[in-house]
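**Q** Fold the following for me, if possible:
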Amino acid sequence: MAGHDAKTASGPEQFLLDHFDSPAAQLHTAKLGMWVFLASEILFFSGLFTAYAVYRGNHPEMFAYGQHFLDWRMGALNTVVLITSSLAAALSVRFAQLGQQTALRRSLLAVIGCAIAFMVVKYLEYSHKITNGVVWGDGFSPSPEILAELPAALRALPVPEGMGRFFSIYYCMTGLHGIHVLVGIGIYVWIYRHAARGHYGPTYYNAVDNAALYWHLVDLIWIFLFPLFYLIG
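**A** Alright, predicted model coming up:
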């Protein structure tokens, strides 16, 4: 990467680009770019949350019924996992600022581990539903096994029309969130590789800081998804 004395510099200083006067100026510019990106992400998910609100307002019975196919315990577990990972992400920034390399690497590994755990839980949840016919669109055809898991009073009621639309919204919103988690895993693996080489320290921690901002947004989106799908009947 080009920068002041790029051929001879070592450590964090080698990442100072030519068009910046100081590491602080580079950090502020990178942070501004990240905030603009996060604003676009918020707009993107706002459209999905709006679609959720419209469909829920028009078909409350569909959402009340569909919630019973979702395991709130898995959702709660993933909530704890993401909150823990968000704490680790915040600590990684602090450790980079203090130049504590071992603690930085451990906190980055904690973020990666929590993110992988989240995706494993999501895979188990998705696979159970899809195997038993709880899918999106016209393919919604729940198996007797998964219907037997519903409360007895609910099993006696007819399945509301258009349940496939509820799960289209569910899979779309949680699936897109899952893609963001996978992207986050890739980002943090890349950052860890650089951290293992001692590239981050008190004068350069831009990537660690921006990755934490992105990860906090991923966490925040799930904080909204969890109650909207798993808790509010």
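
**Q** For Ala30, give me its contacts.
**A** Going by CB atoms under 8 Å, 6 or more residues apart in numbering, Ala30 touches 206, 209-210. Any C-beta I mention is one placed from the backbone N, CA and C, and that applies to glycine too.

**Q** max-length helix in the chain?
**A** Scanning the chain for the helix with the most residues, using DSSP state H, yields helix 23-58.

**Q** Quick one: residues in contact with the helix-or-strand element of the chain with minimal mean pLDDT.
**A** In the chain, no helix or strand scores lower on mean pLDDT, DSSP states H and E than helix 152-155, which sits at a mean of 82. By CB under 8 Å, 6+ apart, the list of residues contacting helix 152-155 from outside reads 65, 68, 147-148.

**Q** Please, a PyMOL command that selects the buried ones among these?
**A** Selection command for PyMOL covering only the buried members of the contacts of helix 152-155, criterion 16 or more other CB atoms under 10 Å:
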select buried, resi 65+147
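
**Q** Need the max-distance pair from the contacts of helix 152-155.
**A** Farthest-apart pair in these is Tyr65 and Ala148; separation 15.5 Å (CB to CB).

**Q** what's the spacing between Leu182 and Ile116?
**A** Per CB to CB, to the nearest Å, Leu182 is found 10 Å from Ile116.

**Q** Quick one: mean pLDDT over the longest helix of the chain.
**A** Helix 23-58 shows an average pLDDT of 90 in the prediction.

**Q** how about it: buried residues?
**A** Going by 16+ other CB under 10 Å, helix 23-58 has these buried residues: 23, 26-27, 30, 34, 38, 45, 48, 52, 55-56.

**Q** Stretch 222-233 now?
**A** 222, 225-226, 228-230.

**Q** which outside residues touch it?
**A** In contact with stretch 222-233 (CB under 8 Å, 6+ apart) are residues 49, 52, 63-64, 67, 70-72, 75-76, 78-79, 82, 170, 173-174, 177.

**Q** Please list only the buried members of those residues.
**A** Here, 16+ other CB under 10 Å leaves 52, 63, 67, 70-71, 75, 78-79, 82, 170, 173-174, 177 buried among those.
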